[in-house]
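Just need the structure, nothing else, for what follows:
(chains A and B)
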There are 2 protein chains.
Amino acid sequence: MPALPHQPVFILVNPQMGENIGATARAMLNFGLQDLRIVAPRDGWPNEKADAMSAGALAEMPPVKIFATLSEAVADCTYIFSSAANERDMMKPIVTARHAATDMVSRLENSERVAVILGRERTGLTNDEIALSHAMISIPVNVDFNSLNLAQAAAIIAYEFAQTVMETPGRVVPLGKTVPATGAEFDNFCRRLEEEIDKGGFFRAPELRPSVTRNIRTFFMRAEPTSQEVSTLHGIITAIKAGRD
Amino acid sequence: MPALPHQPVFILVNPQMGENIGATARAMLNFGLQDLRIVAPRDGWPNEKADAMSAGALAEMPPVKIFATLSEAVADCTYIFSSAANERDMMKPIVTARHAATDMVSRLENSERVAVILGRERTGLTNDEIALSHAMISIPVNVDFNSLNLAQAAAIIAYEFAQTVMETPGRVVPLGKTVPATGAEFDNFCRRLEEEIDKGGFFRAPELRPSVTRNIRTFFMRAEPTSQEVSTLHGIITAIKAGRD
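Prediction:
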């Protein structure tokens, strides 16, 4: 198994049941993964039911990190997958868990920081949450009974990752590649852009603002900007503002 | 998906927790499998906790068949896999879940009756039970934390089977929603952008202008903008200009 600089991070968004958190931790550790983050767990943290259901995994792993918002949880991540049960009307790649695993391994070999976000039971992830991701993981299921348990989805993604790592005896790492922008750098840029265009009256229909904002983020995210490119984009905004006719 | 004469049968041997039976049923149906058999369930049958945990799967599937012994449960099966956490001193093939899936599909295509037997929580299958199987399925896990939850093991085996059957393409591109920008639209946008940032003094070193321009084009091209997105980008430039402080 090739040594990877980082492991993929699993992020549970607003999970309701401690049992599912514990079962997710157990499945992660079954496949060697130990970086679990939780955004606003409904019943707080720590959680006795999570501990019990983890069968010792939570005690063995480094402490789970708790965040108030998803943007904070992904701030140090450069490539983010969201797990989504159904297609949304967004121009994001949709990949199978198997394809995602291959992609994750390549990115991790290249020292990227990869995250997988998993939504709440029943309602999954909101469109705004999915908008923070670069690609969606769709596990191919029975269309007539397609609601996967949260921990089952986590297990399958972790399983596919582990299989891919094990089958990858040592690959050539692309050299001289540039440093991808972090989630925080990207988010800062998007916020600034939104602020600047808002001043110019861009959002004519306020009710469309959330979806228009998401679409703009989706566009820039699809290009997977490097850190350097995010600086360039800031420079572009500054120059357009400075260049009065 | 090729029509198979039969599905693989999943057989739980002496399961203790109704929750695990329900979670197994849910995972099976998630991947289109409906033939669940149970040998001597500890808490009898039916089981309320199993029903609750199955999220509707047990109600939707044909009734679970209950058997007193494993030999009776596999009586109509021609090829039997046992799921075993660790190797036993038996001369039986040990295969990964992925390999087992391929083998299952070939056998089912050949009208064989294939079964997967899964052992009790904690203690798994006895050697006598494993002796009833033709091959053992071993899911490759973290050697330091190798105890998979029963329903997770079932989910992974069902998942691998379904992936093999479905021949799912790795990457699904959202269709019919967008028109890619033409070269002319893209070029117009880039020219306008360059002009606007030039007015703002963006190109401080004239000798670097060609390479900087190329890098900016490369960035936007990488996102493969749609025609609609190019319009949005024009709107963004207009808005930034209009909203100057």
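
in the lowest-mean-pLDDT helix or strand in chain A, what's buried?
Lowest by mean pLDDT, DSSP states H and E among the helices and strands of chain A is helix A:209-222, with a mean of 88. Buried positions in helix A:209-222, judged by neighbour count with 16 or more other C-beta atoms under 10 Å in any protein chain shown: A:Val212, A:Thr213, A:Arg214, A:Asn215, A:Ile216, A:Arg217, A:Thr218, A:Phe219, A:Phe220, A:Met221, A:Arg222. Every residue, glycine included, has its C-beta placed from N, CA and C.

Not counting its neighbours along the chain, what's nearest the second one?
So that's A:Thr213. Distances taken as C-beta to C-beta, 6 or more residues apart in numbering or on different chains put A:Glu194 closest to A:Thr213, at 6.0 Å, once the chain neighbours are dropped.

ok, now the first one?
Counting by C-beta to C-beta, 6+ apart, A:Val212 lies nearest to A:Phe203, which is 6.5 Å off, once chain neighbours are set aside.

where does chain A dip in pLDDT?
Applying pLDDT under 70 to chain A flags residues A:1-3, A:85-88, A:168-178, A:244-245.

Show me where chain A has its strands.
A:9-13, A:36-39, A:65-67, A:79-83, A:94-95, A:114-118, A:135-137 (DSSP state E).

Show me the one of those that comes nearest chain B.
Closest approach to chain B among those is made by strand A:94-95 (4.7 Å; C-beta to the nearest C-beta).

just checking, the residue nearest to A:Thr213 touches A:Ile216?
Yes. Assessed by C-beta atoms under 8 Å, A:Glu194 is found in contact with A:Ile216 at 7.5 Å.

Please enumerate the shared neighbours of the two.
When contacts are counted by C-beta atoms under 8 Å, 6 or more residues apart in numbering or on different chains, A:Glu194 and A:Ile216 have no shared neighbour.

Return the set of buried residues in stretch A:121-141.
A:121, A:124-125, A:129-141.

among those, which are in reach of chain B?
Among those, the residues within reach of chain B (C-beta under 8 Å from any C-beta of the partner chain) are A:Ser138, A:Ile139, A:Pro140, A:Val141.

Can you name the residues that contact A:Phe31?
A:Ala155, A:Ala158, A:Tyr159, A:Phe161, A:Ala162, B:Val141, B:Asn142.

from these, which single one is nearest A:Asn20?
Nearest to A:Asn20 among those: A:Ala155, at 11.1 Å, using C-beta to C-beta.

So that closest one versus B:Tyr79, what's the distance?
According to C-beta to C-beta, to the nearest Å, A:Ala155 stands 26 Å off from B:Tyr79.

before we move on, what about A:Leu208?
With the distance defined as C-beta to C-beta, A:Leu208 ends up 58 Å from B:Tyr79.

and the closest residue in space to A:Met221 that isn't next to it in sequence, what is it in contact with?
Leaving aside its chain neighbours, A:Met221 sits nearest to A:His134 (5.6 Å; criterion: C-beta to C-beta, 6+ apart). By C-beta under 8 Å, 6+ apart, the contact set of A:His134 is A:Tyr79, A:Ile80, A:Phe81, A:Lys92, A:Pro93, A:Met221, A:Arg222, A:Glu224.

thinking again about what came up before, gap between the least confident helix or strand of chain A and the chain center?
Distance of helix A:209-222 from its chain centroid, counting by C-alpha atoms, centre = their mean, to the nearest Å, is 16 Å.

just stretch A:117-136 next, same as before
8 Å.

Equivalent analysis for stretch A:216-227, please.
On the basis of C-alpha atoms, centre = their mean, stretch A:216-227 sits 14 Å off its chain's mean C-alpha point.

How about stretch A:129-140?
7 Å.

first to last residue in that stretch, what's the distance?
For stretch A:129-140, the first-to-last residue distance is 21 Å (C-alpha to C-alpha, to the nearest Å).

center of chain A, which residue is that?
Nearest to the geometric centre of chain A sits A:Ile80, at 3.1 Å (C-alpha atoms, centre = their mean).

That one against A:Ser133, yeah?
Yes. Look at A:Ile80 against A:Ser133 with C-beta under 8 Å: they come within range, at 4.3 Å.

Now list whatever residues contact both of these two.
Common contacts of A:Ile80 and A:Ser133 (C-beta under 8 Å, 6+ apart): A:Ile117.

so what's A:Glu185 up against?
Residues in contact with A:Glu185, defined by C-beta under 8 Å, 6+ apart, are A:Ser227, A:Val230.

What segments of chain A are helices?
Along chain A, counting by DSSP state H, helices occupy A:18-30, A:48-53, A:57-60, A:70-73, A:97-109, A:127-131, A:150-166, A:183-199, A:209-222, A:227-242.

Of all those helices, which one is nearest B:Val114?
Closest to B:Val114 of those, according to C-beta to C-beta: helix A:150-166, at 21.1 Å.

For the closest one, list the C-alpha coordinates in PDB.
Provided in PDB are the C-alpha atoms of helix A:150-166 (Å, rounded to 0.1, in the frame of the first residue of the first chain):
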ATOM      1  CA  LEU A 150     -25.900   7.000   6.200                       C
ATOM      2  CA  ALA A 151     -23.300   4.600   7.600                       C
ATOM      3  CA  GLN A 152     -23.800   2.200   4.800                       C
ATOM      4  CA  ALA A 153     -23.000   4.900   2.300                       C
ATOM      5  CA  ALA A 154     -20.000   5.900   4.300                       C
ATOM      6  CA  ALA A 155     -18.900   2.200   4.500                       C
ATOM      7  CA  ILE A 156     -19.200   1.700   0.700                       C
ATOM      8  CA  ILE A 157     -17.200   4.900   0.000                       C
ATOM      9  CA  ALA A 158     -14.500   3.900   2.500                       C
ATOM     10  CA  TYR A 159     -14.500   0.300   1.200                       C
ATOM     11  CA  GLU A 160     -14.000   1.500  -2.400                       C
ATOM     12  CA  PHE A 161     -11.200   3.800  -1.300                       C
ATOM     13  CA  ALA A 162      -9.400   1.000   0.500                       C
ATOM     14  CA  GLN A 163      -9.800  -1.400  -2.400                       C
ATOM     15  CA  THR A 164      -8.300   1.200  -4.800                       C
ATOM     16  CA  VAL A 165      -5.400   2.000  -2.500                       C
ATOM     17  CA  MET A 166      -4.600  -1.700  -2.100                       C
END
